[in-house]
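Asks: Need coordinates for the below:
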Amino acid sequence: MTENGEDIGLHQHYKTPDKGDSVTDSRPLKTSLVDVKPSKEHNDVPALTARNTEGEISPYQPRPPSLPRQSSKSGSVVEPVRNRRLRNSQESLSDPTETGSSTDSLKGDQTLPGLGGFAVNSTAPIRHQDSSVRSYSAVTTGSPVFRERGSSLSEYERRPHSQQSDPTDQRVRSAKVRLSPVHPMGPLPALEKSFVSATLRAANRIDRDCLDYATLAKENLGERLHRNLSDSRLLENMGSDSASVNSMRSNYSVLSPIRPQDVRNRSFLEGSVLGSGALLGAEELDRYFPDRRVGIYIITWNMQGERGLPANLDDLLLPTDSEFAQDFYIIGVQEGCPDRREWETRLQETLGPYYVMLYAASHGVLYLTVFVRRDLIWFCSEVEHATVTTRIISQIKTKGAVGIAFTFFGTSFLFITSHFTSGDAKVYERILDYNKIVEALALPKGLPDTNPYRSTPSDVTTRFDQVFWFGDFNFRLNKDRTGVETLMNIAGDGNMGPLLEHDQLCREMKDGSIFKGFLEAPIHFLPTYKFDIGCDIYDTTSKQRTPSYTDRILFRNRQTDDIKVVKYTSCSSIKTSDHRPVIGVFQVKLRPGRDNIPLGAGQFDRGLYLEGIRRRITRELKRREAMKSQSSSTICTIS
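Replies: Residues are numbered from 1 along each chain as shown. Coordinates of the predicted model:
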């Protein structure tokens, strides 16, 4: 009991300093300390007593806590506060007088339930707390509650800290073990010049697919090769945060960030007038086609309307003598099979997941299908098609033409497959078919004319940069069968010149009456018409038709040497029809595009693509099962 009749009990006491003094708090007392008599300096302070564990009374000065006491419903203080000496940031870690062992720090952490519910240090004497605690106490004493408490402090507590002696603290500090500072055994490793994190460094690596772009940029006299589809002035005006820019570049691989201001100021006039900075402009074209040439694979085949398709189309689309596959596959069919969808699915199954069907059109039994490499579909414009019938009765669609037109980058393409009037002597009728097609084929519809000054309204082939016309033109050899067979035997080395001297189409093209401006690659293969089904023997029926080059591929360009012929041959392994398919491979010159080209937005026949992939998977599984059963049946084990 105190003099005021208040029962203090075993309370923990803290020192709350005055404003003028350095902010210090005394550490809590041990419960097992012996009686401490107040010094002469403390005689003016009322003596308070507390009972220790042995029942002895220990007089010492009561001090209010530094924090307001939190009481629960039962009236006890809630959690004990962990009392540990923390170093100030201003204290030197290498100071030998301030460096202690880890054992000392562990001793400082050992706490017992304190008096009055506070944590009491079991080894530390009554001493001031460190600077981190003092700073916190200084903040708390700034509040009105602590200012009132500070005004009621005893005279001892208001004295400066230097005048407050504590012999117990000095004894413990003198007995404390000190460790010598640790010095490094060798020189510290040098820091790397790049302070970018490892994650960013890994993300900024150039993909293998983009290595050639960097090489090309160095070759262009240091000119920056932009990978974006936006204005080429974008990166020059960006900030100096190169790490973030490189990271954004690598994340999008070929796309750079686009500023909102560029989106606001973008217009069609920029790409159309200047020709640079267009979405399909020179920068993007050079990235995908450094030589600015695209590969086109064209097939024309009269299927004779057979229901049964070849078991394998690999020799037709992917011959083994070709080193690389091409970018576009254009397949024109005359007298096609009744199930057109099945034919397209077989094409997709053969070409596989690298290609998608960009467009398909038909006119009766005339089928025209365009496949494009999947990576290039974004650079194709909207696709348009038109048809023309050459029959007197328009409902009969066995003869005529179907055309497909689109723009790839800045180059416009027109593909036409047609079937002209048959008969050895009907040359004039075939010329009429040609004239009707070039006048009536209504293309382009919405696509812009890439060169309107060289276009002719009466000729559709003059409205496009690159034109390919292929099909069964039905032009024959003006010679009897015996004479043709004799020339064929002589032309065993691939020289078909003597045969072509009797070709009706070559003669009419020289006269200028048909296919004006068109060219044809040199022919080094035998006539593709007419064979007996399933063999390499020409017509053995009673009609004894003369072998002829009825199936042809012609091309026309606006600029000389825009189209280079890589291959022009026939596929002799496909024998399900009386015609042999004719194949042409070309390298076509491309030009940069402008912003006035309506893009196709990557549209393709997704259902056909999935069905083709499913069939490829099924075929592969069946092949593996067959190989597995074959290998298991041929292996015998001896026990």
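
Asks: pLDDT of the top helix by length along the chain, averaged?
Replies: For the chain, the helix reaching the highest residue count under DSSP state H is reported as helix 606-634. The predicted model assigns helix 606-634 a mean pLDDT of 89.

Asks: ok, and for it, which residues are buried?
Replies: 608-609, 611-612, 616 (16 or more other Cβ atoms under 10 Å). All C-beta atoms are positioned from the backbone trio N, CA, C, and that covers glycine.

Asks: Stretch 529-539 too?
Replies: Under 16+ other Cβ under 10 Å, the buried positions of stretch 529-539 are 529-531, 538-539.

Asks: now stretch 512-522
Replies: Quick answer for stretch 512-522 (16+ other Cβ under 10 Å): 514-515, 518, 520-521.

Asks: what's the answer for stretch 386-401, then?
Replies: For stretch 386-401, by 16+ other Cβ under 10 Å, it's 386-390, 397-401.

Asks: Flag the least confident of those.
Replies: Ranking the buried residues of stretch 386-401 by pLDDT, residue 397 lands last with 72.

Asks: Now residue 519. Its backbone dihedrals?
Replies: Phi and psi for residue 519, reported as degrees, to the nearest 10, are phi -130, psi 160.

Asks: Just confirm residue 295 contacts residue 322, I think it does.
Replies: No. Counting by Cβ atoms under 8 Å, residue 295 stays clear of residue 322, with 9.9 Å between them.

Asks: list residues touching both of these two?
Replies: residue 585 (Cβ atoms under 8 Å, 6 or more residues apart in numbering).

Asks: So the two - more neighbours on which side?
Replies: Between residue 295 and residue 322, residue 295 has the larger neighbour count (other Cβ atoms under 10 Å), namely 18 against 15.

Asks: mind checking how far the nearest residue to residue 537 once chain neighbours are set aside is from residue 612?
Replies: Counting by Cβ to Cβ, 6 or more residues apart in numbering, residue 531 is the residue found nearest to residue 537 once chain neighbours are left out, at 6.7 Å. With distances taken as Cβ to Cβ, to the nearest Å, residue 531 is found 29 Å from residue 612.

Asks: for residue 411, same thing?
Replies: Taken as Cβ to Cβ, the span from residue 411 to residue 612 is 28 Å.

Asks: now do residue 322
Replies: To residue 612, residue 322 is 21 Å away according to Cβ to Cβ.

Asks: and what of residue 536?
Replies: 31 Å.

Asks: in the stretch 151-300 of the chain, which segments are predicted with low confidence?
Replies: Applying pLDDT under 70 to the stretch 151-300 of the chain picks out residues 151-178, 184, 190-255, 267-277.

Asks: residues touching residue 388, list them.
Replies: Residue 388 touches 363, 400-402, 436-437, 440-441, counting by Cβ under 8 Å, 6+ apart.

Asks: Can you list the strands that the helix or strand where it lies pairs with?
Replies: Counting by DSSP states H and E, the secondary-structure element that holds residue 388 is strand 384-389. Using DSSP bridges, strand 384-389 pairs in its sheet with strand 400-408 (antiparallel).

Asks: mind listing what the following helix or strand past the strand it pairs with pairs with, with the direction of each?
Replies: Using DSSP H and E, the helix or strand that follows strand 400-408 in sequence is strand 411-419. Strand pairing for strand 411-419, using DSSP bridges, gives strand 400-408 (antiparallel), strand 466-472 (parallel).

Asks: And the contacts of residue 388, which of them are buried?
Replies: So, by 16+ other Cβ under 10 Å, the buried ones in the contacts of residue 388 are 363, 400-402, 437, 441.

Asks: could I get those as JSON lines with distance to residue 181?
Replies: Shown next, in JSON lines, are those (distance: Cβ to Cβ, whole Å):
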{"residue": "363", "distance to residue 181": "93"}
{"residue": "400", "distance to residue 181": "98"}
{"residue": "401", "distance to residue 181": "94"}
{"residue": "402", "distance to residue 181": "90"}
{"residue": "437", "distance to residue 181": "97"}
{"residue": "441", "distance to residue 181": "93"}
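
Asks: and the gap between residue 425 and residue 316?
Replies: 32 Å.

Asks: Could you check which of those two has the larger neighbour count?
Replies: Higher neighbour count among residue 425 and residue 316: residue 316, with 18 against 9, using other Cβ under 10 Å.

Asks: Tell me the helix or strand right after the helix or strand hosting the more buried one.
Replies: Taking DSSP H and E as the criterion, residue 316 maps to helix 314-317. Next in sequence after helix 314-317, counting helices and strands by DSSP H and E, comes strand 328-334.
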